[in-house]
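Enquirer: model the following, please.
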Amino acid sequence: MQRIILDTDPGIDDALALFLALASPEVQLEAITTVSGNVGVELTTLNALSLLTLTGHTEIPVARGSGVPLVRERVDAAEVHGRNGLGDVTLPAPEIQPVAQHAVDLIIEKVLQAPGALTLVAIGPLTNLALAVRREPRIAELVREVVVMGGALLVPGNVTPAAEFNIYADPHAASIVLHAGWPLRLVSLDTTMLAELSRKQIAHMTQAHSPVLTFSKEILAYYLDIFAAPRGQRAFHMHDPLCLAAAFQPDLITWQPMYVDVELTGTLTLGETLGYLANDTSHAPNAQVSVGVDSERFLRMFLERMGKTYA
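Expert: Reported below is the predicted structural model:
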């Protein structure tokens, strides 16, 4: 059983990652922490609360986190995810409220209380994790693992030609997280772009008319029809669900030890991730980086669990 804190900025693919976590018997979701990213932190927090209400998991605590990056100005991805972050689909008002504790404090407290037991899965900008490890460096030694969706090493970025969105949104936080010394897996665009959910698969998955599957159909339709189709994109890239899956089924992915750094000063390359191969003895690896994925097996698992749990 993987005890996970999910740090997230819901987000269409974040919502699917949360649904997968709740549908996976290997996962015990300890808490959700929110961060500014796809939309502002007020909306990402509201979205997390509403998604838990939709799934009936109102027992899981949600802690609101950072609303601005460490250094750079705030950016968002509302163009991709809709003005509310969830394809402009309106959910019922949440039945729960955020806990009083800030996300950074919750992360620190829970890791200190359960040494070696908790995995931090970060599928948004890394502001909360950076602040937590800076405030309490001991968590780097006490966390079981950190699994991050971010970066683009051998493929183009998805927000600039050089940079992936989560890293670009707070590159200084990403730099801190990459160099914190904790066990780190980096699930980058190199593999998430290979995990494509087709319209046919979506139609099959959403044949049932349950609240979760109907909502999934609506947010995916927004992405594919409003954002993707005009750009010639025909499938939905499962960035965050693949990262979540990597936390409990790491053998879905082929990993390579690598030293990874982030460009912090480039005018055109801010947020670019640079990977040095393990045979570069001048740079000791600081992460296990995704270099391949069994996308067919991953998608089959995702679709089976969505159908079994939410139909």
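
Enquirer: and the lengthiest strand in the chain, what does it pack against?
Expert: Criterion DSSP state E: the longest strand present in the chain is strand 253-262. For strand 253-262, the packing partners by 3 or more C-beta pairs under 8 Å, 6 or more residues apart in numbering; DSSP states H and E come out as helix 171-178, strand 184-187, strand 273-277, strand 287-293. Every residue, glycine included, has its C-beta placed from N, CA and C.

Enquirer: got the angle for that strand vs strand 273-277?
Expert: Strand 253-262 and strand 273-277 meet at an angle of 120 degrees, taking axes from the mean of the first three to the mean of the last three C-alpha atoms, to 10 degrees as the criterion.

Enquirer: quick check: mean pLDDT of strand 253-262?
Expert: The average pLDDT within strand 253-262 is 97.

Enquirer: gap between that strand and the chain center?
Expert: Centroid separation for strand 253-262 versus its chain: 17 Å, with C-alpha atoms, centre = their mean, to the nearest Å.

Enquirer: ok, it: who's next to it in the sheet?
Expert: Using DSSP bridges, the strands paired with strand 253-262 in its sheet are strand 273-277 (antiparallel), strand 287-293 (antiparallel).

Enquirer: can you map out the strands along this protein?
Expert: Counting by DSSP E, the strands of the chain are 2-8, 27-34, 62-63, 118-122, 145-149, 184-187, 196-197, 236-237, 253-262, 273-277, 287-293.

Enquirer: who touches the fourth one?
Expert: What that stands for is strand 118-122. For strand 118-122, the external contacting residues (C-beta atoms under 8 Å, 6 or more residues apart in numbering) are 2-8, 30, 107, 110-111, 128-129, 143-150, 166, 177, 243-244, 247.

Enquirer: what about burial for the residues you listed, which qualify?
Expert: 2, 4-8, 30, 107, 110-111, 128-129, 143-150, 166, 177, 243-244, 247 (16 or more other C-beta atoms under 10 Å).
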